[in-house]
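> I'll drop the sequence and a predicted model, then ask my questions.
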Amino acid sequence: MATRPRTVRAPRGADLTCVGWPQEAALRMLHNNLDPEVAERPDELVVYGGTGKAARDWESFDAIARTLRGLDDDETLLVQSGRPVGVFQTHEWAPRVLIANSNLVGDWATWDEFRRLEALGLTMYGQMTAGSWIYIGSQGILQGTYETFAAVAERRFDGSLAGTITLTSGLGGMGGAQPLAITMAGGVALCVEVDPARIARRIEHGYLDQQADSLDHALRLATEARAARRPLSVGVLGNAADVVPRLLTMDAPIDVVTDQTSAHDPLAYLPADVAVEDWAELASARPEEFITRARESMARHVEAMVGFQDAGAEVFDYGNSIRAEAQLAGYGRAFEFPGFVPAYIRPLFCDGKGPFRWAALSGDPHDIAVTDRAVAELFPENESLARWLRMAGEKVHFEGLPARICWLGYGERDRAGLRFNELVASGELKAPIVIGRDHLDSGSVASPYRETEAMLDGSDAIADWPLLNALVNTASGASWVSIHHGGGVGIGRSLHAGQVTVADGTPLAAQKLERVLTNDPGTGVIRHVDAGYERAAETAAARGVRVPMTEDG
Ligand code: NAD
């Protein structure tokens, strides 16, 4: 009998409802992904990212929960695209859950075929952390955006954006994190947005400081703050295809330019000469005309971005395909500025750095405060990390179970995991901590439009790496491991893997954490050594990561 949608939240506290903490953690995180504070459309089991789901249907959800409650410490549950399909006897070092989401055979890996199979009830879209039960709400977006701007600062401005203006557009779901991330990195953000409601919402949520009355006013506020090296974010109402070229002709002192309008979908980018009120009607009545006009506007927008680059600004594509859309409109220099991963994130990937995240199974925010302090104490030399932890503690409102994210690299994640395990064992934390990460990580993703764009050796589309990542995490003692297709950029365009490991305070957990949190980022280091990145080779040599092809016979 089909079971009905209902409101679910993760159980809290230190009492087990399962046989062991790894099973309990999976159960709580599955529920947490569907907490109404966390999920976009919990009734439909949709967590985030379009249709990224935590379970195929409510019947599957109930069967997963029931199975986890009875699962022994030497058993493993298999989940196929959100549906529990088997339980096998394994051993205590094996993951308690193995998950495969949205995978399709090469020639069949299209949205059309996926949607046909989904309609038959045979698969679901797992996104990245939706179907692998480790989504922590919008904090992940804010932190990833902060990390990108911190990397821009590191690369070009001596580690801080103080005294710089970043011009960007789009204050939507993802883009709305930009002003706060830029001010957290010390800079001034000038944000162009066509929809007044989006500007008001960002101000209301504390992500944007103020709205300017006009472009002149915005520029005056921004240049004053730049001169005083004071962080400030200013929203200005307007169309980026008009405003960005105008700022270029005004010789505005812009230091960094990017964009997070929804350019990946030309029906979601407003053409320059269309009013916001006419948007929906024109897009549905004459979509082809709308797309042509949107692309023409994007070409003007990108041409101005290239103009800023010619004038010396730091310019990058923020993962929204605006370069490709401008090129479709006939603008020939669209790809003159890079995507954000090759420009800033790849050096971090060479160090095995990526989005380490954790959640407090107790449900008590105090446990996150304790772990925040522990991480800051472990890495006192990392100023950007310290600034993030301090500001996150002040500004991030928890959604669902209290959680935190920060970027840590090879040789760091295992130390943090072991410290959390000690804090659980000593009783300083009220209940175990669950440790996972986004799939956008150094060794766990193949995605030629994003994480593996422009690899040095041309290996962008090689998908062996995320598979090896999942296999080694399985062999190292992770609590649950997943292999997904199509997250982030869509079906046919990516393959990625996730791992989650539980710090329950036991000596066994310590051994597992040490191995998983060493080997997981280790696959990022070896992936980049293999692709020929000098920095990865240096990291491997300095930290003792073994790469057979570089060892003497
Ligand atoms: P969204 O649809 O919520 O917001 C887009 C905003 O752009 C809206 O507020 C809209 O009003 C505004 N806009 C549209 N046309 C405009 C124009 N011509 N001028 C000014 N403003 C305009 O989208 P989102 O969730 O914020 O995502 C933004 C983009 O980032 C998407 O293309 C998304 O795919 C991409 N993205 C990037 C990453 C990453 O890692 N960098 C990850 C996921 C998604």
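Cool, got the structure. Residues are numbered from 1 along each chain as shown.

> who in this structure is up against the ligand?
169-175, 192-195, 198, 239-241, 260-264, 268-270, 318-320 (C-beta under 6 Å from any ligand atom). Yep, even glycine has a C-beta here, placed from its N, CA and C like the rest.

> from these, which would you call buried?
169-172, 174-175, 192-194, 198, 239-241, 260-264, 269-270, 318-320 (16 or more other C-beta atoms under 10 Å).

> Please list all residues in contact with the closest residue to Leu513 other than its chain neighbours.
Distances taken as C-beta to C-beta, 6 or more residues apart in numbering place Gly417 nearest to Leu513, at 3.9 Å, with adjacent residues excluded. Shown in contact with Gly417 (C-beta atoms under 8 Å, 6 or more residues apart in numbering): Ile435, Thr501, Ala503, Leu513, Glu514, Val516, Leu517.

> Quick check: of the residues you listed, which lies closest to the ligand?
The nearest member of those to the ligand, counting by C-beta to the nearest ligand atom, is Ile435 at 21.8 Å.

> Which pLDDT value does the model give the residue nearest to the closest one when sequence neighbours are not counted?
Nearest residue to Ile435, sequence neighbours excluded (C-beta to C-beta, 6+ apart): Trp358, at 4.7 Å. At Trp358, the pLDDT value in this model is 98.

> what's around Trp358, how many residues?
When counting by other C-beta atoms under 10 Å, one arrives at 28 neighbours for Trp358.

> what bridges to it?
According to DSSP bridges, the residues that bridge with Trp358 are Arg404, Ile435.

> Just confirm it contacts Gly436, I think it does.
Yes: at 7.4 Å, Trp358 and Gly436 qualify as touching, with contact defined as C-beta atoms under 8 Å.

> Break down the stretch 151-300 of the chain into its helices, ranges please.
Taking DSSP state H, counting those that start in this stretch as the criterion, the stretch 151-300 of the chain carries its helices at 177-184, 196-204, 215-227, 240-249, 279-285, 287-310.

> Just want to check the distance between Arg333 and the ligand.
Computed as C-beta to the nearest ligand atom, to the nearest Å, the Arg333 to the ligand distance reads 20 Å.

> Excluding chain neighbours, give the residue nearest to that residue in space.
Val306 (5.1 Å).

> repeat for Ser476
Per C-beta to C-beta, 6+ apart, closest to Ser476 is Arg515, 4.0 Å.

> and the one you found, helix, strand or coil?
helix (DSSP: H, G, I helix; E, B strand; the rest coil).

> With His496 instead?
Here His496 is strand, with the state taken from three-state DSSP.

> Contact partners for it?
128, 439-440, 444-447, 466, 483-485, 487-488.

> And Phe379, by the same measure?
With C-beta under 8 Å, 6+ apart, Phe379 has these contacts: Leu385, Ala386, Leu408, Glu412.

> Just give me the neighbour total for Ala197.
Per other C-beta under 10 Å, the neighbour tally for Ala197 reads 10.

> Kindly provide the distance from the residue lying closest to Leu508 once chain neighbours are set aside to Asp74.
With C-beta to C-beta, 6+ apart as the criterion, Leu508 has its nearest non-adjacent residue at 7.0 Å, and that residue is Glu92. Per C-beta to C-beta, to the nearest Å, Glu92 is found 5 Å from Asp74.

> try Asp35
The value you get for Asp35 to Asp74, if C-beta to C-beta is used, is 30 Å.
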